[in-house]
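1. Task: produce atomic coordinates for the following.
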Amino acid sequence: MVEPSRPGEQRPSRRFRLRYKLVLLVGTATAAVFGLHAWLTVQYFDTAILDATERASVADSNELRGVLEEQMLSEDRRTLARLVPVIGRAPGVTWVGILDVHGTVKLSSEPDAPLRRFPEDSLERRQLATWRETGEAGALTVLRPGGGVLRTLSPLPNAAACQRCHSPVSRINGMLIIDRSLAPLRRTLAASERRLVLGGVVLVALLLGILGLVFERSVLLRVERLRAAARGLGSGDLAARARDPIPDELGDLARDFNDMAQRLEGAMLAVGAERRQLEELVNGIADGIVLLDLEGRVITCNRACAARLEGGAPRPGLAYRDLVRAAGIDLEEGSALPAERALRSGSLEKQVVRAGRGDRYEELYAQPLRAPDGELVAVIEVWRDITDRRELEAGLEQSERLASLGVLASSVAHEVGNPLASIITAVDGLLSRLAAGAPASSGEIRDYLEIVRKQVFRCDAVTTRLLGFARLPGGTAVTVDVANAAREVLALVGQEARRQRVRYEVRATGPALATAPDMVVEQVFLNLALNALKAMPAGGQLVVEVGGDAGGVTAAFSDTGPGIPESVRKRLFQPFQRGGQDRSGTGLGLFISQTLLARAGGSIEVDSRPGQGTTFRVRLRRAAEAAPPPADAAAEATS
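-> All right, here's what the predicted structure looks like:
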């Protein structure tokens with residue numbers, strides 16, 4: 001990958017780099033072509049000159065052979081002996097020799113050199129043998145070993161005139177050898193090669209200069225203008241354009257670039273407008289929105305979020321914890337807020353917190369943001385002020401609680417009426433004894449007062465339990481004995497259950513301690529007990545099974561009513577939904593129960609089949625090992 005340049009980084013000019021590449025490419029190609037052409041030219045002229053030299057040597061050899069024949073016919077050997085050295089001193093001639101048919105040198109251009117015979121396997125001896133056999137009279141030119149001497153071998157035919165001195169049997173009388181030096185020729189060719197190379201270098205330099213100038217004018221300068229326009233566009237100058245009116249490929253490229261820049265400018269303007277609209281939309285939302293990077297630092301936030309902070313809009317890069325403190329959110333030691341949990345889990349997190357130094361409730365939602373490849377890139381957190389909603393929910397809870405107590409009015413009246421009847425009977429007994437003039441003994445008075453005292457305490461227990469259910473649930477978490485809470489609730493609805501011939505019982509192996517806000521468990525259990533009674537107007541059975549494990553405490557309310565249809569069960573926990581055939585009530589009981597349990601860290605589920613009854617399972621957080629608070633005396637929870 002090509003690393004993008006950093007701002008302010010000095011980069012070598014592409015113009016110069018391209019020029020160097022062009023010079024290297026064209027220079028190499030031209031030098032290669034010219035070198036090949038020069039080599040072929042030298043080879044051609046070398047071969048041509050060598051051929052011409054061979055022909056000239058053969059001609060000179062034939063001419064000299066004729067002169068020698070005339071001298072030999074005239075038997076003027078002294079002239080012949082003088083002539084051969086003269087020929088040997090001619091320009092270019094290095095040696096001249098005359099051999100007999102046995103390969104012995106008879107005359108040479110070196111008169112002082114001793115006579116010698118060529119070896120049997122030498123070219124000269126073999127050629128003499130060939131001429132003696134074939135009678136050919138053609139000359140032969142060969143290069144001596146080393147390539148510096150051209151040797152011409154010419155036969156001396158045994159003509160009729162020569163047979164006066166030579167045997168007529170032999171076809172030749174010997175051989176004439178002329179050696180010519182090729183050094184002058186080589187020097188001439190070397191000089192020609194130097195002139196050719198020098199001319200080629202000058203030609204290549206001239207060609208490169210012309211090509212460079214043409215390339216500079218027709219390509220590099222235009223590319224530089226296009227590059228400058230591209231860099232201007234890349235730096236944010238949307239008006240940057242490349243000016244190139246020449247109708248060729250680079251001109252087409254410049255025009256295509258201008259079209260692209262025009263479309264990009266339009267797209268950027270549209271994106272800018274959409275961004276402003278999006279910013280206005282986000283800033284117009286009443287919920288606070290904050291965007292955090294992977295290190296938990298603020299990237300940006302909307303106006304609603306800034307309005308919640310002490311000191312206004314936060315600076316980019318502010319730590320999330322500092323942002324939360326500026327919003328007055330209560331932080332527990334070691335606790336993690338939704339954005340921090342979302343960064344670790346990579347999933348949606350939410351939480352309700354007290355903010356504004358306790359003046360309001362905020363519901364925080366933190367959602368991770370991912371790139372197209374799935375990589376986590378940021379977290380967006382939404383702050384929703386639910387203070388009014390909490391107050392409304394509290395009012396609905398109280399209304400539902402009072403409505404439930406209203407349903408229990410007859411049971412409460414019966415629970416209080418029986419003790420009051422006993423008290424009235426005891427008081428009437430005392431009054432009648434006084435009216436008859438027969439004062440009661442101290443023992444009798446003690447018995448009557450004991451009856452009154454016992455029944456007053458019974459009324460006090462009923463009214464205390466009723467007042468406890470009537471007050472709003474507190475926000476402080478307490479330890480609740482779930483089995484005992486179920487018994488108290490069933491004792492409260494016992495009279496109504498007996499009136500409807502509903503048998504009820506609580507099954508628990510021992511105390512099951514849970515943690516929940518004060519009176520939340522009792523409120524939920526009361527709603528479930530009343531719903532069960534409504535489902536069994538003609539009698540039935542209600543069983544509450546309480547148990548626990550390491551994960552928490554469970555209370556299951558099971559009735560033998562008609563069950564709940566699937567269509568109703570899907571929306572059973574929505575507001576104003578009624579699950580049974582009895583359409584009375586507000587329809588908020590299950591919705592409020594689910595809300596209360598969710599705040600307490602618990603849950604509620606329903607399992608029901610038409611004709612098979614209904615079971616509601618309440619799940620609560622297990623309390624730490626501690627004794628439950630003392631409970632008021634509860635009525636017998638089995639009937």
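
2. Show me what the one helix or strand A306 maps to packs onto, helices and strands only.
-> Element membership of A306 [criterion: DSSP states H and E] is helix 303-307. In terms of contacts (3 or more CB pairs under 8 Å, 6 or more residues apart in numbering; DSSP states H and E), helix 303-307 is packed against strand 288-292. Backbone N, C-alpha and C define where each C-beta goes, glycine included.

3. How far away from the center of its chain is the very next helix or strand once past the strand it packs on?
-> Sequence-wise, the next helix or strand downstream of strand 288-292 (DSSP H and E) is strand 298-301. Computed by CA atoms, centre = their mean, to the nearest Å, the chain-centroid distance of strand 298-301 equals 23 Å.

4. Neighbouring strands - and their directions - for strand 298-301?
-> The pairing partners recorded for strand 298-301 under DSSP bridges are strand 288-292 (antiparallel).

5. Is it correct that G97 is in contact with T104?
-> No: using CB atoms under 8 Å, G97 makes no contact with T104, being 10.1 Å away.

6. mind listing the helices in the stretch 451-600 of the chain by residue range?
-> For the stretch 451-600 of the chain, helices defined by DSSP state H, counting those that start in this stretch occupy the ranges 482-492, 494-499, 520-535, 566-569, 589-599.

7. Same check on the stretch 151-300 of the chain?
-> With DSSP H, counting those that start in this stretch, the ranges of helices along the stretch 151-300 of the chain come out as 183-215, 221-234, 249-283.

8. Alpha carbons only: can I get the second one in PDB?
-> This points to helix 221-234. C-alpha atoms of helix 221-234 as PDB (Å, rounded to 0.1, in the frame of the first residue of the first chain):
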ATOM      1  CA  LEU A 221       3.700  20.700 -17.400                       C
ATOM      2  CA  ARG A 222       0.200  19.600 -18.100                       C
ATOM      3  CA  VAL A 223       0.400  16.800 -15.600                       C
ATOM      4  CA  GLU A 224       1.800  19.300 -13.100                       C
ATOM      5  CA  ARG A 225      -1.200  21.500 -13.600                       C
ATOM      6  CA  LEU A 226      -3.600  18.600 -13.200                       C
ATOM      7  CA  ARG A 227      -1.700  17.500 -10.100                       C
ATOM      8  CA  ALA A 228      -1.900  21.000  -8.600                       C
ATOM      9  CA  ALA A 229      -5.700  21.000  -9.200                       C
ATOM     10  CA  ALA A 230      -6.000  17.600  -7.600                       C
ATOM     11  CA  ARG A 231      -4.000  18.700  -4.500                       C
ATOM     12  CA  GLY A 232      -6.200  21.800  -4.200                       C
ATOM     13  CA  LEU A 233      -9.300  19.700  -4.400                       C
ATOM     14  CA  GLY A 234      -7.900  17.300  -1.900                       C
END
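
9. hmm, back to that, most tightly packed of the helices of the stretch 151-300 of the chain?
-> helix 221-234 (a mean of 16; mean count of other CB atoms under 10 Å).

10. ok, residues contacting that one?
-> The contact list for helix 221-234 (CB atoms under 8 Å, 6 or more residues apart in numbering) reads 14-15, 18, 240-244, 246, 250-251, 253-254, 257, 261, 264.

11. Same check on stretch 53-67?
-> So stretch 53-67 is contacted by 83, 87, 96, 139, 141, 150, 152, 154, 156, 176, 178, 180, 182, 185 (CB under 8 Å, 6+ apart).

12. Contacts only, for the nearest residue to R186 once chain neighbours are set aside.
-> Closest residue to R186 apart from its sequence neighbours, by CB to CB, 6 or more residues apart in numbering: G148 at 7.7 Å. Residues near G148 by CB under 8 Å, 6+ apart: 181-183, 186.

13. For these, give me JSON lines that also has distance to S218 and pLDDT.
-> JSON lines is the format used below for the contacts of G148 (distance: CB to CB, whole Å; pLDDT from 0 to 100):
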{"residue": "S181", "distance to S218": "55", "pLDDT": "83"}
{"residue": "L182", "distance to S218": "50", "pLDDT": "80"}
{"residue": "A183", "distance to S218": "51", "pLDDT": "81"}
{"residue": "R186", "distance to S218": "46", "pLDDT": "77"}
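
14. And the furthest pair within the residues you listed?
-> Spanning the widest gap among these are S181 and R186, at 9.1 Å by CB to CB.

15. rewinding a little: and the furthest pair within the contacts of helix 221-234?
-> Farthest pair in the contacts of helix 221-234 (CB to CB) is L18 and L264. Separation: 25.7 Å.

16. mind checking pLDDT for the spatially closest residue to A304 that is not a sequence neighbour?
-> Spatial nearest neighbour of A304, excluding adjacent residues (CB to CB, 6+ apart): G288 at 4.6 Å. Here, the pLDDT recorded for G288 equals 87.

17. what's across from G288 in the sheet?
-> Under the criterion used (DSSP bridges), G288 bridges to W383.

18. Could you chop the protein up by domain?
-> Split into domains by automatic domain parsing, the chain comes to 37-181, 284-385, 396-622.

19. end-to-end on the first one?
-> Taking CA to CA, to the nearest Å, domain 37-181 runs 28 Å from one end to the other.

20. for the shortest one, same thing?
-> With CA to CA applied, domain 284-385 spans 15 Å between its terminal residues.

21. Check the offset of that domain from the chain's centre.
-> Distance of domain 284-385 from its chain centroid, counting by CA atoms, centre = their mean, is 25 Å.

22. L596 contacts E522, correct?
-> No: contact criterion CB under 8 Å: L596 and E522 do not qualify, at 10.5 Å.

23. Strands along the stretch 351-500 of the chain, start to end?
-> 360-370, 376-385, 477-481 (DSSP state E, counting those that start in this stretch).

24. Quick check: which helices or strands does the longest one pack against?
-> Using 3+ CB pairs under 8 Å, 6+ apart as the contact test, the elements touching strand 360-370 are helix 338-345, strand 349-355, strand 376-385, helix 387-407.

25. If I take that strand and helix 338-345, what angle do their directions form?
-> 30 degrees (axes from the mean of the first three to the mean of the last three CA atoms, to 10 degrees).
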